[in-house]
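In: take this sequence and fold it.
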Amino acid sequence: MRRLFSLLLAIAAIVLFILLLRQDEGAWAELVRWDESSIETKIMALALAGIVAVALYRYRLSHVLRSAILWLLIALALALGYTYRTELRSVADQVLAQFLPGRAVTKGRTVQIARGAGGGFSVVGQVNGARISMVLDTGASAVVLTHEAARAAGLPLEVLKYSVNVDTANGLARAAPVTLDRVSIGGLTERSVPALVASPGALRTSLLGMTFLNRLESWEVRGDRLLLRGYP
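Out: Below is the predicted model of the structure:
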């Protein structure tokens, strides 16, 4: 700061020395009336303004500069974030999908789901607007909901008739046929999806079966990712 102050003083002294050498009677008048056409006047005014500014804020100038740079960087980061918000959202979704099993990443009409630690694909979807955790089961002919999931989805459990035999990990069980208003996985939504509701205690986890998968244009397992593609 002292060096900057000394430099400004030196500039002001040089300008004054040049004006004196000119021995121009109008030079001092220019300084008084602020003649915008005079280069010397402009230089002198800027030098004097700089000296005053440094004299007033020489103890706080470094703090002011640091704050100004910080706010400039924040504004730049916000501008870049807003400009590339779509790309950043896509990257964030992919990162979260690696740490949150079942989280769907949607790109257009394609949904990607990462394989879970157990080797299967856990899927977090929505059934009639309720958040339901399911497991991909290509051997299940239909979407199968646990009794608890069916309650969360608002299905009328008291009138269901468990008339369908289903093969579960615990053996044969009874299930009730229903039609789900909508089933959503990521950005893919299918309506009027035939499904089954397992009897109480018969199933531990809901199953994402073929009555949903068959509605899609295609689906496949590629490496550690499940790819679901909806029709355009």
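
In: which neighbouring elements make contact with the helix or strand containing Ala75?
Out: Taking DSSP states H and E as the criterion, the element that holds Ala75 is helix 61-83. Applying 3 or more Cβ pairs under 8 Å, 6 or more residues apart in numbering; DSSP states H and E, one finds that helix 61-83 makes contact with helix 39-57. No exception for glycine: its C-beta is placed from N, CA and C like everyone else's.

In: returning to what we had before: state the mean pLDDT of the helix holding Ala75.
Out: When pLDDT is averaged along helix 61-83, the result is 75.

In: domain assignment for the protein?
Out: Listed by automatic domain parsing, the domain ranges of the chain are 2-73, 90-229.

In: out of the ones you listed, name the one with the poorest average pLDDT.
Out: Among those, domain 2-73 has the lowest mean pLDDT, at a mean of 57.

In: ok, back up a step: convert the C-alpha atoms of the helix holding Ala75 to CSV, please.
Out: As requested, C-alpha coordinates have been extracted for helix 61-83 and formatted as CSV (Å, rounded to 0.1, in the frame of the first residue of the first chain):
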residue,chain,number,x,y,z
LEU,A,61,-8.3,-1.0,0.4
SER,A,62,-7.0,-4.6,0.5
HIS,A,63,-10.1,-5.7,2.3
VAL,A,64,-12.3,-3.9,-0.2
LEU,A,65,-10.4,-5.5,-3.1
ARG,A,66,-10.7,-9.0,-1.6
SER,A,67,-14.4,-8.5,-1.0
ALA,A,68,-14.9,-7.2,-4.6
ILE,A,69,-13.0,-10.2,-6.1
LEU,A,70,-15.0,-12.6,-3.9
TRP,A,71,-18.4,-11.2,-5.0
LEU,A,72,-17.2,-11.1,-8.6
LEU,A,73,-16.3,-14.8,-8.4
ILE,A,74,-19.7,-15.6,-6.8
ALA,A,75,-21.5,-13.7,-9.6
LEU,A,76,-19.4,-15.5,-12.2
ALA,A,77,-20.2,-18.9,-10.7
LEU,A,78,-23.9,-18.1,-10.5
ALA,A,79,-23.9,-17.0,-14.1
LEU,A,80,-22.1,-20.1,-15.3
GLY,A,81,-24.4,-22.3,-13.2
TYR,A,82,-27.5,-20.7,-14.7
THR,A,83,-26.1,-21.0,-18.2
